[in-house]
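Asker: 3D model of this:
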Amino acid sequence: MIPKRWKKILKKNGLVFIGIISFFLILEIGLRFSGFFLLSLQNYRNIRALREKPDITILCLGESTTREGMRKDGYPSFLEETLNKRHNNKKFAVLNKGIDGTNTSMILSRLPYYIDKYNPDIVISMIGINDGVSLETGASPSSPDRNGIVSSLKIYKLFLLFKNNFRASFVDKDWEISSKKQSPQVQAQIDLATYYRKKGKFSNMKRILKKAIKQNSGNDRLLIELGIYHIMQNSRPKAKKYFQQALELNPKNKEAYLLIAQIYRSQGLYTEANKTIQKAIEKNPEDNQLKETLAYYTHGIFHHLPLKNRPMLTKNYPRLVDTLINNNIILIAVQYPVRPLSFLKEILPNSKYIYFVDNESIFKDAINKKNYWYYFTDRFGENFGHMTEEGNRLLANNIAKVISKKIIPEFD
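Answerer: Take a look at the predicted model:
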């Protein structure tokens, strides 16, 4: 017979267990409902556009950078608006079929259905960044899904998203640095410099930091802040110099190592980045964050890999082209912001059905005039990320130029 005290404990633990299960069940239902709502909103906007009987229908394929277009500040929405303003004699409908976390295999599998349902005249593709890992399935496409039920849960996919974001969180979009406690005077100067940085007043930021360094010549944290200023000004050599000076003052400063590694990775020097983190671990052998970072650099750089290192993309993109050509549909192959166009031209055939949009120089020039965070909200792709309203407008305008100059005359 179970004593009363144990009955109470079991009852209490049972209620806690039921409460936990109920919480996750409600969370799963909520995530599925929100996903359904967002897709429904996307489909509603697509259907509404088609009901207006457009002269030219454009279908946008992609991942989250395209899916953002279901909001009013996304590039497909701006593209539709821009084209309809430029060409009063034609009606354009720009349909968004971007899906978070998808990859080219999944896009290719859906393409026949999209063609049959929407009968597009033009397809715009900005794809490939997720080839190597897919959050849509929750598993690497190169490895079997050992637990289909778990990987299909929205909670599991949410966990993967948080996990991937956490791994890269050592340098977030505001370049916040965790370091040793500073004197009130120095901290006040750092806070003021940070304020100016967030306001885009970089000359004021530089002036404050230069003055602070003169007053506190042995402060490694101030050197790091000045290095960050030069990163924001796209001057990586100067930034690296200040981070190295910080290491001379404090050889254990892990933030300096992490930022130097980030510079290497932005230049495609992944081996040098790994070596830098290994040095940091030698100086800080008990630091789990550094070990996690090295593991991420070694095994979790799918978003940062150059597109040419993605065999799934090199196999699927030509297949996508063949499907479109067989249906007499024009393809506009868009390269991601900042990244070079040359790879797409290497893997795609020379055809009258294919047009390219180069977003390398236009975004680099724009970033030099403003700053990176004016156009992007994160760095998930290493040297680019999800776009702000301004970034989406810039992308839409660049695509619209190609359509207006090279494609529209064919419809006249």
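Asker: hmm, who's touching stretch 377-397?
Answerer: Stretch 377-397 has contacts (CB atoms under 8 Å, 6 or more residues apart in numbering) with 64-65, 68-69, 73-79, 81-82, 129, 168, 171, 173, 265-266, 303-304, 334, 336-339, 359, 362-363, 366, 370, 373-376. Every C-beta, even on glycine, is put in place using the N, C-alpha and C of the backbone.
Asker: Just the buried subset of those, written out for ChimeraX, thanks.
Answerer: Paste this into ChimeraX to select the buried members of the contacts of stretch 377-397, with burial taken from 16 or more other CB atoms under 10 Å:
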select :64,65,68,69,74,75,76,77,78,79,81,82,129,168,171,265,266,303,304,334,336,337,338,339,359,362,363,366,373,375,376
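Asker: for stretch 339-347, the distance to its chain's centre please.
Answerer: A distance of 19 Å separates the centroid of the chain from that of stretch 339-347, by CA atoms, centre = their mean, to the nearest Å.
Asker: quick one: residue 293 and residue 258 touch, right?
Answerer: Yes - assessed by CB atoms under 8 Å, residue 293 is found in contact with residue 258 at 6.8 Å.
Asker: And these two? Which one has more around it.
Answerer: Taking neighbours as other CB atoms under 10 Å, residue 293 and residue 258 compare with residue 293 leading, 26 against 21.
Asker: For residue 336, see how far away residue 183 is.
Answerer: For residue 183, the distance to residue 336 (CB to CB, to the nearest Å) stands at 43 Å.
Asker: ditto for residue 321
Answerer: 18 Å.
Asker: ditto for residue 221
Answerer: Counting by CB to CB - residue 221 and residue 336 are separated by 34 Å.
Asker: mind listing what's buried in stretch 109-128?
Answerer: Residues of stretch 109-128 classed as buried: 111, 114-115, 118, 120-128 (neighbour count, 16+ other CB under 10 Å).
Asker: Which of these sits closest to residue 275?
Answerer: Nearest to residue 275 among these, counting by CB to CB, is residue 128 at 27.9 Å.
Asker: does the closest one count as helix, strand or coil?
Answerer: coil (DSSP: H, G, I helix; E, B strand; the rest coil).
Asker: who's in contact with it?
Answerer: 104, 307, 310, 313, 317.
Asker: number of nearby residues for residue 342?
Answerer: For residue 342, the count of nearby residues is 11 (other CB under 10 Å).
Asker: Residue 184 versus that one, what's the distance?
Answerer: Relative to residue 184, residue 342 is positioned 52 Å away (CB to CB).
Asker: same thing with residue 402?
Answerer: To residue 184, residue 402 is 55 Å away according to CB to CB.
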